[in-house]
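*Asks:* prediction below, plus the sequence it came from.
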Amino acid sequence: MRCPRCDAPETRVIETRLSNEGRVVRRRRECPCCEARFTTYERLEEWQTLCVIKKDGRRENFDADKLLHGLCRACEKLPVPLDLLQDAVDRIETKVRDQGALEVPASLLGELAMEELRKIHQVAYVRFASVYREFTDLSNFASEIARLCGTLADSTSRNGRDPSAEAKRKRS
Ligand SMILES: [Zn+2]
């Protein structure tokens, strides 16, 4: 299996796991050249058929690699390990499959991807949101960032630079 990051021709398997009650084989791999870690899946072809309904009504097969590519693009030049994004794609696909429908609107995939990116890296999240929600001017960015900062202020477990969050943390 080629390395998705540096394209080295061979990567080694560091862990093999069964998931979805033995219907899926999940392999963690590592690239000996760039040390990228990623996951590959072995599963029944028929189980894999999940249909994505695009905005214009066209349908295409769900493609985990394509989704991963979108997340990677949002994380370009940010210190986000690839395996974190692989896990995010895995969670998104599992969530969709757990709903039991074999057709999923592309908009739902986009929302789930944003939800995952928000937890991973704020800049990646805003980047993804700007493309996905088709931001057309700076005010869109500003309101998204304000929303993000509001969420952070509510959280007591992170972002020590925010004075209100810091104060709350000291009290607890
Ligand atoms: Zn590599």
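*Replies:* Done, it's in.

*Asks:* burial count for Tyr41?
*Replies:* 15 (other C-beta atoms under 10 Å). C-beta coordinates here come from the backbone N, C-alpha and C atoms, glycine included.

*Asks:* mind checking the SS state of it?
*Replies:* strand (DSSP: H, G, I helix; E, B strand; the rest coil).

*Asks:* what sits against it?
*Replies:* 24-27, 64 (C-beta atoms under 8 Å, 6 or more residues apart in numbering).

*Asks:* again, only using 10 Å
*Replies:* Counting by C-beta atoms under 10 Å, 6 or more residues apart in numbering, Tyr41 makes contact with 19-20, 24-27, 48, 64, 86, 90, 93.

*Asks:* from the ion, how far out is Ser139?
*Replies:* From Ser139 across to the ion, the span is 40 Å (C-beta to the ion, to the nearest Å).

*Asks:* most neighbours among the contacts of Tyr41, please name it.
*Replies:* Result: Gln86 is most packed of these (other C-beta under 10 Å), 23 neighbours.

*Asks:* ok but that residue is inside a helix, no?
*Replies:* Yes: under three-state DSSP, Gln86 falls within a helix.

*Asks:* for it, which non-adjacent residue is spatially closest?
*Replies:* Leaving aside its sequence neighbours, Gln86 sits nearest to Thr39 (C-beta to C-beta, 6 or more residues apart in numbering; 4.5 Å).

*Asks:* pull the number of nearby residues for the one you found.
*Replies:* Counted with other C-beta under 10 Å, Thr39 comes out at 19.

*Asks:* contacting residues for it?
*Replies:* Contacts of Thr39 by C-beta under 10 Å, 6+ apart are 15, 17, 26-29, 64, 68, 82-83, 85-87, 89-90.

*Asks:* again, 6 Å this time
*Replies:* By C-beta atoms under 6 Å, 6 or more residues apart in numbering, the contact list for Thr39 reads 26, 28, 86.

*Asks:* beta partners of it?
*Replies:* On the basis of DSSP bridges, Thr39 is bridged to Arg28.
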